[in-house]
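Visitor: Sequence and predicted model, in that order:
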Amino acid sequence: MRLSRLIGQRLKETPRDAQTASHIFLVRGGYVRPVSTGIYSLLPLGMRIVAKIERIIRDEMNRVGGQEVLMPVVLPQELWDESGRSETVGAELLRFKDRNDKPMLLGMTHEEAVVHLARTEANSYKQLPFMLYQIQTKYRDEARPRGGLIRVREFTMKDAYSFHASQENLEEYYDEVHQAYVRIFNRLGMKNVVSIQSDAGMMGGAVSHEFMALAECGEDILFISPDGQYKANREVVTSRLVALEKEPPKPLEKVHTPDRKSIEEVAEFLGVNASQTCKAVFYADQDGSLIFAVIRGDIEVNEAKLRKYVGAYELNMANDEQIRAIGAEPGYASVLDIDRRKVRVVVDRSVAESSNLVVGANQADYHYRNFNLCRDAEGLDISDIATVREGDLCPVTGQPLVMHRGIEVGNIFQLGTKYTQSMNCQFLDENGKSKPMIMGCYGIGVGRAMASVIEGSHDKFGPVWPMAIAPFQVHICALNPKKEGVTEVAEAIYGELTERGIEVLYDDRGEKAGFMFNDADLIGVPLRLVISPKTLAEGKVEFKTRDGSRSEMVDTERAVDLMCELVAAELG
RNA sequence: CGGAACGUAGCGCAGCCUGGUUAGCGCGCUUGACUGGGGGUCAAGAGGUCGGGAGUUCGAAUCUCCCCGUUCCGACCA
């Protein structure tokens, strides 16, 4: 490819709205162009990278027995009615009506569509297991797209779905896909990807992992133990509870605490630490039912954990009116005096493990001292609903957990029968008995992966692409092309490399050296040859790697062979 | 959905407060010359519904109101 012909201008200036390295370089380098909020066109450079990423993903999916399909982007809402998700998924699902007023939607994930396929195409245990996958456009009407390609509304995703006759079989296959994912991110040159335990969220199901590209600009927060044994998303991470020394229970004592509502005020007023108090937090779920969360005063409630524990898909802080409606006093609510028929109480284990805490008296301006949870109090749910902080102890090793930020580039779920049951996707087993298929699903965000590669591999001039996905393998700069055979040598090398199957970008524009070098850095091709009157005077060309690891003069005749060798070596 | 800001050439911005010839600058683009190893210099050009609508005024990019769009922070987010 001649750079003079390449569509996709490099920009000198940073786009106004770009904050992250990947966003800045993808736009400045002419890889993508914004069209609307969170909606981008891929230019030739970006397209070449995406195509290579997709090729690697396909290869590994096929290796674990995947069969590629292509499902529609536009789906009838009735499919989502079957699974119940047209109810539970909110505004990020774009819905519309066709000309006959039939409710339709744009697919944001394809469990429903693939179950529809599976139930029509397979009905015997003899056909199981199988895995279908596609690489296709998804649309999610995100409330707030950001970070360039990190969070967009329209994007390309590889989504895969497996169907099994037994949970054991799913688990075995799940591990295989996990390994395939590790290979994929390795081959993509992403050294900063870790797989962590995660929350299944709206997907449902029990076991799931997220593949996180560690990056400062990442939106997700995760915790990793220093030895790497334990890795988990903020939404599910747990820690070893550091309990205060348990004291013998003292008698309950009611104390006057005028106008002290918050933990800080009460603790200061009574001269105790926040960890010796008990906090009451009220939430309302999607139906307006109240949930009363009880946790030690120095710890915050983790809403994701609570949501999962009570099985709600939406939780909001309850208002005073809702709190009074169940007979509690805002600011002074107490687990002691609460009417448990009117509200579900969830107690964090921190409270169960503490003694003689200060709690609300469920009466304005009063608290109790010396509250001790009676462990076998009936109807009390005791669980871990605590927010983990950096430095809290790893539940496995006991070492302090380290907090990281990450970009979720892939995820895998053991879905079980969540969709096959509701959508009646069954098979006949060896005994002729009808059973729901057992499902797994596996996603990778293609554009997000491209952006994450930049986050993990760039310098101040631009991206440093790994050979496996670089838009080109060799970049030729012809300096001063009108002089002393420069063009002749450049053309010859360009022609020969192309002939030998190397992907070459040839800067034939005759710009100033600095101008060409800056463009080359923005394009980030791993190997660079610079040809100029100066180098030709010695019968040589200059060879440089984009990552700066090599910079040397090589004989003109040797250059082509060397490039071929290096490309072959890097592609393994 | 809450808070804040912004909208002037392809991109990045000034002008607005205090209304007044022909709306300006940088980058990019076109033409030419010089130049030639990290975004060079000079000269000549092309490129604008000043987000939209209504109003105030002799006169609006500038003041007022409404609408639209965008971005940032938060909420939310397989």
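Guide: Thanks, I have the structure now.
Visitor: I'd like the distance between residue A:479 and residue A:4.
Guide: 15 Å (C-beta to C-beta, to the nearest Å). To be clear about C-beta, it is placed using only N, CA and C from the backbone, and glycine gets the same treatment.
Visitor: Surely residue A:294 forms part of a strand?
Guide: Yes: when DSSP: H, G, I helix; E, B strand; the rest coil is applied, residue A:294 is found to be in a strand.
Visitor: which parts of the helix or strand hosting residue A:170 are buried?
Guide: Assigned by DSSP states H and E, residue A:170 belongs to helix A:167-187. Within helix A:167-187, the residues scored as buried using 16 or more other C-beta atoms under 10 Å are A:169-170, A:173-174, A:177, A:180-181, A:184-185, A:187.
Visitor: What of stretch A:307-323?
Guide: Applying 16+ other C-beta under 10 Å to stretch A:307-323 flags A:307-310, A:312, A:315, A:318, A:322-323 as buried.
Visitor: Now tell me what touches it from outside.
Guide: Defining contact as C-beta atoms under 8 Å, 6 or more residues apart in numbering, one finds that stretch A:307-323 is touched by A:88, A:199, A:202, A:235-236, A:281-286, A:288, A:290-291, A:303, A:306, A:329-330, A:333, A:344, A:346, A:381, A:383, A:385.
Visitor: And that stretch, end to end?
Guide: 18 Å (C-alpha to C-alpha, to the nearest Å).
Visitor: so what's the closest residue to RNA strand B within the stretch 351-500 of chain A scoring on pLDDT?
Guide: In the stretch 351-500 of chain A, the residue that lies nearest RNA strand B is residue A:443 (3.1 Å; C-beta to the nearest atom of the strand). If you check residue A:443, the pLDDT there is 96.
Visitor: Residue A:479 and residue A:4: which is more packed in?
Guide: Comparing residue A:479 with residue A:4 by other C-beta atoms under 10 Å, the one with more neighbours is residue A:479, at 21 against 11.
Visitor: continuing past the least confident helix or strand in chain A by mean pLDDT, what's the next helix or strand?
Guide: None of the helices or strands of chain A scores lower by mean pLDDT, DSSP states H and E than strand A:315-317, at a mean of 80. Following strand A:315-317 in sequence order, the next helix or strand is helix A:320-325 (DSSP H and E).
Visitor: For the helix holding residue A:170, C-alpha coordinates in CSV please.
Guide: C-alpha atoms of helix A:167-187 as CSV (Å, rounded to 0.1, in the frame of the first residue of the first chain):
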residue,chain,number,x,y,z
GLN,A,167,-23.5,-29.5,33.9
GLU,A,168,-20.2,-31.6,34.0
ASN,A,169,-19.9,-31.4,30.3
LEU,A,170,-20.5,-27.7,30.3
GLU,A,171,-17.8,-27.2,33.0
GLU,A,172,-15.3,-29.2,31.0
TYR,A,173,-16.0,-27.2,27.9
TYR,A,174,-16.0,-23.9,29.9
ASP,A,175,-12.4,-24.7,30.9
GLU,A,176,-11.5,-25.3,27.3
VAL,A,177,-12.9,-22.0,26.2
HIS,A,178,-11.1,-20.3,29.1
GLN,A,179,-7.8,-21.7,27.7
ALA,A,180,-8.8,-20.7,24.2
TYR,A,181,-9.3,-17.1,25.5
VAL,A,182,-5.9,-17.1,27.1
ARG,A,183,-4.4,-18.2,23.8
ILE,A,184,-6.4,-15.5,21.9
PHE,A,185,-5.2,-12.6,24.1
ASN,A,186,-1.6,-14.0,24.0
ARG,A,187,-1.7,-14.1,20.2
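Visitor: Can you pull the residues of the stretch 51-200 of chain A lying near RNA strand B?
Guide: Residues of the stretch 51-200 of chain A lying close to RNA strand B (C-beta under 7 Å from any atom of the strand) are A:90, A:92, A:108-109, A:138, A:140, A:142-147, A:151, A:157, A:159, A:200.
Visitor: and the two most separated of the buried residues of stretch A:307-323?
Guide: Using C-beta to C-beta, the buried residues of stretch A:307-323 reach their maximum pairwise distance at A:308 and A:323, which is 22.9 Å.
Visitor: Show me which residues of the longest strand seen in chain A are buried.
Guide: Across chain A, the longest stretch assigned as strand under DSSP state E is strand A:402-416. Across strand A:402-416, burial judged by 16+ other C-beta under 10 Å covers A:404, A:406-416.
Visitor: what do you get for stretch A:31-45?
Guide: Within stretch A:31-45, the residues that count as buried by 16+ other C-beta under 10 Å are A:31-32, A:34, A:38, A:40, A:42-43, A:45.
Visitor: Can you narrow these down to the ones near RNA strand B?
Guide: residue A:38.
Visitor: From the buried residues of stretch A:31-45, which land in strands?
Guide: Among the buried residues of stretch A:31-45, the members falling in strands (DSSP E) are A:32, A:34, A:40, A:42.
Visitor: Need the pLDDT of residue A:454.
Guide: 95.
Visitor: hmm, back to that, check the buried residues of strand A:402-416 against RNA strand B, which are close?
Guide: Residues of these in contact with RNA strand B (C-beta under 7 Å from any atom of the strand): A:411, A:413.
Visitor: so where do the helices sit in the stretch 351-500 of chain A?
Guide: Using DSSP state H, counting those that start in this stretch, the helices found in the stretch 351-500 of chain A span residues A:418-422, A:446-456, A:486-499.
Visitor: Now do the second one: which elements does it pack against?
Guide: So that's helix A:446-456. The contact analysis (3 or more C-beta pairs under 8 Å, 6 or more residues apart in numbering; DSSP states H and E) places helix A:446-456 against helix A:21-28, helix A:44-63, strand A:154-164, strand A:208-214, strand A:402-416.
Visitor: is RNA strand B contacted by it?
Guide: No: against RNA strand B, helix A:446-456 shows no contacts by C-beta under 7 Å from any atom of the strand, the least distance being 8.2 Å.
Visitor: that older thread, can you lay out the buried residues of strand A:402-416 as JSON lines showing distance to residue A:555?
Guide: Formatted as JSON lines, those follow (distance: C-beta to C-beta, whole Å):
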{"residue": "A:404", "distance to residue A:555": "47"}
{"residue": "A:406", "distance to residue A:555": "46"}
{"residue": "A:407", "distance to residue A:555": "43"}
{"residue": "A:408", "distance to residue A:555": "48"}
{"residue": "A:409", "distance to residue A:555": "42"}
{"residue": "A:410", "distance to residue A:555": "44"}
{"residue": "A:411", "distance to residue A:555": "50"}
{"residue": "A:412", "distance to residue A:555": "50"}
{"residue": "A:413", "distance to residue A:555": "55"}
{"residue": "A:414", "distance to residue A:555": "57"}
{"residue": "A:415", "distance to residue A:555": "59"}
{"residue": "A:416", "distance to residue A:555": "63"}
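Visitor: Would you mind putting the buried residues of strand A:402-416 into CSV with pLDDT alongside?
Guide: Converted to CSV, the buried residues of strand A:402-416 look like this (pLDDT from 0 to 100):
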residue, pLDDT
A:404, 92
A:406, 93
A:407, 94
A:408, 94
A:409, 95
A:410, 95
A:411, 94
A:412, 95
A:413, 93
A:414, 94
A:415, 92
A:416, 93
